[in-house]
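K.L.:
Structure for this input, please:
(chains A and B)
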Amino acid sequence: DAKTTQPNSMESNEEEPVHLPCNHSTISGTDYIHWYRQLPSQGPEYVIHGLTSNVNNRMASLAIAEDRKSSTLILHRATLRDAAVYYCILREQTGANNLFFGTGTRLTVIP
Amino acid sequence: NAGVTQTPKFQVLKTGQSMTLQCAQDMNHNSMYWYRQDPGMGLRLIYYSASEGTTDKGEVPNGYNVSRLNKREFSLRLESAAPSQTSVYSCASSLIRDTEAFFGQGTRLTVV
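P.N.:
Below you'll find the predicted structure:
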């Protein structure tokens, strides 16, 4: 099973951009890269996903390296509500189609 | 739109007791999942159901059973609870492969 590596924690000042890195050197050609976040006492919440090309949505942007061995989640202007644990996940395309969660990055937003 | 609903939200069991965690989704999703979340370990897949009428083991299935009652409902049963099953249990669903998964609020279970 492919795995991801993320920093345990990061800090950002409010209203500044945040770049959350993720390494996934053993990714297979068909694995999608998903990002979820988990606010305190809530279930995980979908943020964004992609395969090869960079992706943008209303919440964030996802930049995927050309070799797909790493990716970066970009929050363009961090708010206090963005304080959460962010998970970079590889979603397998066979079997369970499982989302393999790691331990994630705890983002602290400083007012 | 309720999304994914889990009941109960909190539960305390004594060792050896049994209980069923309920999960229902109203989004007409095909796939449903049960995860457990322990401190420092992220979420780990217990069982999943790719479609109505099918269930399969995930990473940590021992001590659990599941039932996909219909397309909407996927229940998780602990036949004889053990302290090692103290965890937060999350149910999720998704429409098809490659789409986003929706999670419930979780059930915090304590086995004493």
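K.L.:
which residues sit in contact with B:Thr86?
P.N.:
B:Thr86 sits next to B:109-111 when contact means Cβ atoms under 8 Å, 6 or more residues apart in numbering or on different chains. Glycine gets a C-beta too; all of them are placed from N, C-alpha and C.
K.L.:
What residues are bridge-paired with B:Tyr35?
P.N.:
With beta bridges defined as DSSP bridges, B:Tyr35 has these partners: B:Leu45, B:Ser90.
K.L.:
For it, report the pLDDT, please.
P.N.:
At B:Tyr35, the model reports a pLDDT of 95.
K.L.:
Okay, A:Ser12 and chain B: tell me how far apart.
P.N.:
Using Cβ to the nearest Cβ, to the nearest Å, we find A:Ser12 at a distance of 22 Å from chain B.
K.L.:
thought that residue was touching A:His76?
P.N.:
No - using Cβ atoms under 8 Å, A:Ser12 makes no contact with A:His76, being 11.4 Å away.
K.L.:
Looking at the two, which one has more neighbours?
P.N.:
Remark: of A:Ser12 and A:His76, A:Ser12 carries more neighbours, 20 against 12, as counted by other Cβ atoms under 10 Å in any protein chain shown.
K.L.:
Point me to the helix or strand that includes the more buried one.
P.N.:
Using DSSP states H and E, A:Ser12 falls within strand A:9-13.
K.L.:
CA-only coordinates of the helix or strand following that strand in PDB, if you can.
P.N.:
Sequence-wise, the next helix or strand downstream of strand A:9-13 (DSSP H and E) is strand A:18-23. What follows is strand A:18-23, C-alpha atoms only, in PDB (Å, rounded to 0.1, in the frame of the first residue of the first chain):
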ATOM      1  CA  VAL A  18      -0.100  28.200   3.700                       C
ATOM      2  CA  HIS A  19       1.800  25.500   1.800                       C
ATOM      3  CA  LEU A  20       1.300  22.000   3.200                       C
ATOM      4  CA  PRO A  21       3.700  19.500   1.700                       C
ATOM      5  CA  CYS A  22       3.300  15.800   1.200                       C
ATOM      6  CA  ASN A  23       5.700  13.100   0.000                       C
END
